[in-house]
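Asks: this is a predicted model, with the sequence first.
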Amino acid sequence: MHEMGIALQIIDIVKASLPEDAKGAPIERINLKIGKLSAVVADSLRFCFEIAVKDTALDGAVLHIEKIPVTARCNDCRHQWTLANPVFSCPACDGGAIDVLSGRELAVDSIEIKDESNSDDG
Ligand SMILES: [Zn+2]
């Protein structure tokens, strides 16, 4: 399953981006940005993530997924637009030489660590 690989990748990124003093701290929420072209099914990804983080510091963390629209630019007239449909020709000049600028990304945008300000006397 494609999403399981991505879930494991996200866990690696989260672990690698935590500062030294936050290692092992419980994670509340992980904000992801996923391009609409990356073909990730959000529900599957959440499901795989929940399995993969079981009994780790990330157990219980919520995946918040923001979908990034697909944007493209025409190499002929430099027109830039957001694709609603997979139409890969320029709406301004009808040229076919376009670059896809965004829509394929899969990035961890931010990580929220649980607030553990409650002091423990015991
Ligand atoms: Zn054009």
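Replies: Received it, and whenever you're ready, just let me know what you need.

Asks: ranges for the helices of the chain?
Replies: Using DSSP state H, the helices found in the chain span residues 2-17, 42-52.

Asks: these two touch, right, residue 75 and residue 96?
Replies: No. Judged on CB atoms under 8 Å, residue 75 makes no contact with residue 96 at a distance of 9.2 Å. (Glycine included, C-beta is placed from N, CA and C.)

Asks: out of the helices of the chain, the one nearest residue 69 is which?
Replies: Judged by CB to CB, the one of the helices of the chain that comes nearest to residue 69 is helix 42-52, at 15.1 Å.

Asks: run the angle between that closest one and helix 2-17 for me.
Replies: If you take axes from the mean of the first three to the mean of the last three CA atoms, to 10 degrees, helix 42-52 sits at 60 degrees to helix 2-17.

Asks: residue 104 is in contact with residue 38, isn't it?
Replies: Yes. Counting by CB under 8 Å, residue 104 touches residue 38, with 5.5 Å between them.
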